[in-house]
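Colleague: Sharing a model prediction with you, sequence too.
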Amino acid sequence: QLVESGGGSVQAGGSLRLSCTASGFPYTRYCMGWFRQVPGKEREGVAYVTEVGTVRYASSVQGRFTASRDKAANTLDLQMNSLNVEDTAIYYCAAHDKAVCQLREDLFNDWGQGTQVTVAS
C-alpha cells in the first residue's frame, strides 16, 4: 500500500514537500516514482528513483524538484521548489518490481490514492 501526504495550496514561486509511505511488504527492491495528473489530461511522469538510488526527472521539473528515498523507512519524498501554476495537479506515488526502472506509467502496478497540489498565481 502506498499513501501520499503533504499536498496543499501554495503561491507561485513557493515550495511543497510530498511524502509517500509504503507498507504491506518491503519496497526496498522496487522502482518508485511520482506521477501527476490534471483532470481531463493524461497522467505524466515526474520523477523516479531506482532500487540503488538513481534519480531521473521529467524535463518539466528538472532543477526544481528533488526526489529522495529512504529505504529503511520505506518512504519516497518529493521536494518541489519554484512551483508554478502548471504544476497544479493530483500527485501520485507509484511502485513496481520489474527489472526496468523508467518513467513509464505502464510499468507501475502499485499506486497511491493521490494528493492535490494547487499553485496559485
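Modeller: That came through, no problem.
Colleague: which parts of stretch 8-27 are buried?
Modeller: Going by neighbour count (16 or more other C-beta atoms under 10 Å), the buried part of stretch 8-27 is Val10, Leu16, Leu18, Ser19, Cys20, Thr21, Ala22, Tyr27. Backbone N, C-alpha and C define where each C-beta goes, glycine included.
Colleague: what pLDDT does the residue nearest in space to the middle of the chain get?
Modeller: With distances taken as C-alpha atoms, centre = their mean, the residue of the chain nearest its centroid is Trp34 (2.1 Å). In this model, Trp34 is scored at 98, pLDDT.
Colleague: secondary structure element for it?
Modeller: Trp34 belongs to strand 31-37 when assigned by DSSP states H and E.
Colleague: Paired strands for that strand, with orientation please.
Modeller: strand 44-49 (antiparallel), strand 89-96 (antiparallel) (DSSP bridges).
Colleague: Tell me the gap between the shortest one and the middle of its chain.
Modeller: Averaging C-alpha coordinates over strand 44-49 and over its chain gives two centres that are 6 Å apart (C-alpha atoms, centre = their mean, to the nearest Å).
Colleague: Equivalent analysis for stretch 16-28, please.
Modeller: 10 Å.
Colleague: go on, stretch 45-52?
Modeller: Worked out by C-alpha atoms, centre = their mean, stretch 45-52 lies 8 Å from the chain centre.
Colleague: could you dump it to PDB, C-alpha only?
Modeller: What follows is stretch 45-52, C-alpha atoms only, in PDB (Å, rounded to 0.1, in the frame of the first residue of the first chain):
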ATOM      1  CA  GLY A  45       5.700  11.100 -15.000                       C
ATOM      2  CA  VAL A  46       7.500  13.500 -12.700                       C
ATOM      3  CA  ALA A  47      10.500  11.500 -11.300                       C
ATOM      4  CA  TYR A  48      11.600   8.000 -10.400                       C
ATOM      5  CA  VAL A  49      14.100   6.500  -8.000                       C
ATOM      6  CA  THR A  50      15.700   3.200  -8.700                       C
ATOM      7  CA  GLU A  51      16.500   0.500  -6.200                       C
ATOM      8  CA  VAL A  52      20.000   1.800  -5.800                       C
END
